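# Coordinates for the following, if possible.
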Amino acid sequence: LPGVKRVAGMVKQDIELVTGVSPAGITSGQGSGCAVLYGTIGHSPMLDALEAAGKLDLNAIRGKWECYSFQVIETPLAGIGTALVQKKEVDELDYSSAFFFSIVISLVLYGGMFAAAPYLADFYNDPSMTPIFRGIGLTVAICGIKTIQQAHVTRNMKFQYFFYSAFAGAIVSTILGLGLAYMGFGVWALVVQQVSNITVDTLVLWMLSSWRPKMEFSWQHLKGLLTYGWKLLASSLSSVIYNNLRSLIIGKVYTSADLAYYNQGDSLTYNIASSVDASIESVLFPVMSSLQDDRAQVKNMTRRSIKTSTYIIAPVMMSIAFCAEPLVRLILTEKWLPCVLFLRVFCLGYVCWPIITANLNAAKAVGRSDLYLKCQLLNEGVCILLLLATFRVSVEAIAYGMLITNVVTQILDAQLNKKLIGYGYLEQMRDILPTLLLAAGASLCMYLVIFLHLPDLLTVIIQVVVGLGVYLTGSAILELDTFEYFKDVLAPSIRQKLKR
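Model (predicted):
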């Protein structure tokens, strides 16, 4: 059927995008190596023959809509050693059940935060912080609306929707946050920035996606999802608690100004790093999940994820770190210059993200949510130890502790995954070392522009031109494979979409 062929073509394009290799398409029963077979029940002689031979069971999805299966079949056709036929049945009842459960959980969590807000304000001896805590807690409630829509978009391979929604959220929230900060709204500027980011992101995603929940619910369907998902939920909750713990301690032990500078330095870099990382994860995670039984392929996908993310995140973060002072003066004005140190430290910390997130995603992709949870808990244990060692020293010491935490975390995650996919930390660092050195060199060239003592706007423009020129020229001279990947695979794809 035309729809099945179209989806098969999309899968082929995605495989090429993430691996750099275009899989051959065949219509006969001859081939070699590993193949992805596709077809429609009742319209595919190949699937009918496999079922008749007892190699394939289609009863679970026969007569149902929007269902597919994923199954490994030994020697299904002449010359093909392994075939993959998707077998993961997801229907409207699954989506709707998960959606309403997600809404309930997020509202319960927000209710807890709403009730706890006065006690948190008492912790700071400042009753005026009660509405601030309740305002920032809205992000939890909005997450419940967004989560299942994200899953539907991922399953339907509409990955461009994530870029559009994240980009819109980042632009609107940045404008609002900076505008309110400039007008003197203080901490409320940060609250509005975070709430508006996830709100706009969610609204755009819902506008682009065609899926809408139906008024139906099944505990039986939900239990199957929770068997795997509860560990990821526990991991996410622990991350949220830890990520807010530093701010709570800084607000209690130090001044509100210290907290504002610390959070501003973090938020400016976090939005960039998380958007890039999430965009790459949304494409690679489904592919790794489909290849979970082939650990060599999962390793290749993890390598591609680390190298691609590093190629983008490293130069951006290092450039911001080296050029932070004129950038902050230009965007936030002179009064925010104390956040420059925190901005630089966070930039260097987020350079570690590609290794951390790629290794955690590999554990998720192969169905090891237990390992994912263990990694997260181990990482946060290290974080808390360093936080306890630094919080009495200074706010700057807390920031440096975060940087050390990220370095230690990436080593732990990589080594834990070495047994899982055979891809350890030293091998990962060898893969990205040329990119890191080139990014550092380009950023140093950008930093030298400061000594021309030009106006901030002109300085930043020249720095961007110099940094891009050095980085791209260096990539071409060194023949970095990630640069070639972007040039040969992604650039033609982008040009085709622009023509459309």
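# okay, now N271: neighbour count?
20 (other Cβ atoms under 10 Å). C-beta coordinates here come from the backbone N, C-alpha and C atoms, glycine included.
# residue contacts, it?
The contact partners of N271, taken as Cβ atoms under 8 Å, 6 or more residues apart in numbering, are A170, S173, T174, N197.
# what comes up buried for the strand or helix carrying V460?
Secondary structure from DSSP states H and E places V460 in helix 456-478. For helix 456-478, a neighbour-count test (16 or more other Cβ atoms under 10 Å) marks T459, V460, Q463, V466, G467, V470, Y471, L472, G474, S475 as buried.
# same deal with stretch 434-450?
434-436, 438-443, 445-447, 449-450.
# Show me the contact partners of stretch 408-423.
In contact with stretch 408-423 (Cβ under 8 Å, 6+ apart) are residues 295, 298-299, 302-303, 352, 355-356, 359-360, 362-363, 366, 368, 371, 374-375, 378-379, 382-383, 424-425, 428.
# Please work out the average pLDDT along that stretch.
Mean pLDDT, stretch 408-423: 80.
# got it, and stretch 120-131?
For stretch 120-131, the mean confidence score works out to 82.
# distance between the ends of it?
End-to-end distance for stretch 120-131: 11 Å, by Cα to Cα, to the nearest Å.
# pretty sure T333 contacts Y182?
Yes: the criterion here is Cβ atoms under 8 Å, and T333 meets it with Y182 at 6.7 Å.
# Give the buried residues for the following helix or strand past the helix holding V460.
Using DSSP H and E, the helix or strand that follows helix 456-478 in sequence is helix 481-485. Judged by neighbour count (16+ other Cβ under 10 Å), helix 481-485 contains these buried residues: D481, T482, F483, Y485.
# Keeping just the C-alphas, turn helix 481-485 into CSV.
Output of helix 481-485 as CSV, limited to C-alpha atoms (Å, rounded to 0.1, in the frame of the first residue of the first chain):
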residue,chain,number,x,y,z
ASP,A,481,34.1,12.9,9.7
THR,A,482,31.3,14.7,11.5
PHE,A,483,31.9,17.7,9.3
GLU,A,484,31.7,15.5,6.3
TYR,A,485,28.6,13.9,7.7
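# got the contact list for it?
With Cβ under 8 Å, 6+ apart as the test, helix 481-485 has contacts from G20, K307, T308, T310, Y311, T435, L472, S475, A476.
# Quick one: mean pLDDT for it?
79.
# which helices and strands does the helix holding V460 pack with?
Under the contact definition 3 or more Cβ pairs under 8 Å, 6 or more residues apart in numbering; DSSP states H and E, helix 456-478 sits against helix 295-322, helix 324-332, helix 425-448, helix 481-485.
# could you give the mean pLDDT of the second one?
Averaging the model's pLDDT scores along helix 324-332 yields 86.
# what's the next helix or strand after it packed up against?
Next helix or strand after helix 324-332 toward the C-terminus (DSSP H and E): helix 340-350. Under the contact criterion of 3+ Cβ pairs under 8 Å, 6+ apart, helix 340-350 touches helix 256-290, helix 295-322, helix 324-332, helix 395-421.
# hey, which of these is tucked in deepest?
helix 295-322 (a mean of 22; mean count of other Cβ atoms under 10 Å).
# Tell me if I'm right that P338 and L259 touch.
No: P338 is beyond contact range of L259, at 11.7 Å (criterion: Cβ under 8 Å).
# residue contacts, N406?
G349, Y350, C352, W353, I356.
# Check the last one and give its pLDDT.
I take that to be I356. What the model reports for I356 is a pLDDT of 82.
# ok, for it, nearest residue in space, not its chain neighbours?
Q410 (5.0 Å; Cβ to Cβ, 6 or more residues apart in numbering).
# any idea how far E334 is from the one you found?
As judged by Cβ to Cβ, to the nearest Å, Q410 and E334 stand 35 Å apart.
# go on, K374?
Distance from K374 to E334, counting by Cβ to Cβ: 46 Å.
# which of those two has more neighbours?
In this view K374 and E334 are compared by other Cβ under 10 Å, and K374 has more residues nearby, 15 against 7.
# Contact partners for the more buried one?
Shown in contact with K374 (Cβ under 8 Å, 6+ apart): L416.
# Next, find the distance separating it from L412.
On the measure of Cβ to Cβ, K374 and L412 end up 10 Å apart.
# what do you get for P326?
On the measure of Cβ to Cβ, P326 and L412 end up 36 Å apart.
# Okay, T390 and L248: tell me how far apart.
Relative to L248, T390 is positioned 15 Å away (Cβ to Cβ).
# quick one: which of those two has more around it?
Neighbours were counted for T390 and for L248 using other Cβ under 10 Å; T390 has more, 21 against 14.
# So what does that one have for phi and psi?
T390 adopts backbone torsions of phi -120, psi -20, taken as degrees, to the nearest 10.
# in which helix or strand would I find Q194?
helix 187-208.
# That helix - contacts with which helices or strands?
Applying 3+ Cβ pairs under 8 Å, 6+ apart, one finds that helix 187-208 contacts helix 130-136, helix 138-155, helix 160-182, helix 256-290.
# hmm, back to that, same list (the buried residues of helix 481-485) but as JSON lines, adding distance to E396.
Shown next, in JSON lines, are those (distance: Cβ to Cβ, whole Å):
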{"residue": "D481", "distance to E396": "38"}
{"residue": "T482", "distance to E396": "34"}
{"residue": "F483", "distance to E396": "36"}
{"residue": "Y485", "distance to E396": "39"}
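# tell me which of those is nearest to P127?
T482 (52.2 Å; Cβ to Cβ).
# Kindly confirm my reading that A363 forms part of a helix.
Yes: applying DSSP: H, G, I helix; E, B strand; the rest coil, one finds A363 inside a helix.
# wait, which of the helices and strands packed on helix 187-208 is closest to Q220?
Comparing those under Cβ to Cβ, the one sitting nearest is helix 138-155, at 17.6 Å.
# my guess is G137 meets G111, correct?
No: between G137 and G111 there is no contact under Cβ under 8 Å: 9.3 Å.
# more crowded one of the two?
Of the pair G137 and G111, G137 is the one with more neighbours under other Cβ under 10 Å, namely 19 against 13.
# Please determine how far the more buried one is located from F114.
Using Cβ to Cβ, G137 is found at 6 Å from F114.
# ditto for L448
According to Cβ to Cβ, L448 and F114 sit 51 Å apart.
# Wait, Y261 touches P338, no?
Yes: with contacts counted by Cβ under 8 Å, Y261 reaches P338, the gap being 4.7 Å.
# I'm done for today, thanks for sticking with me.
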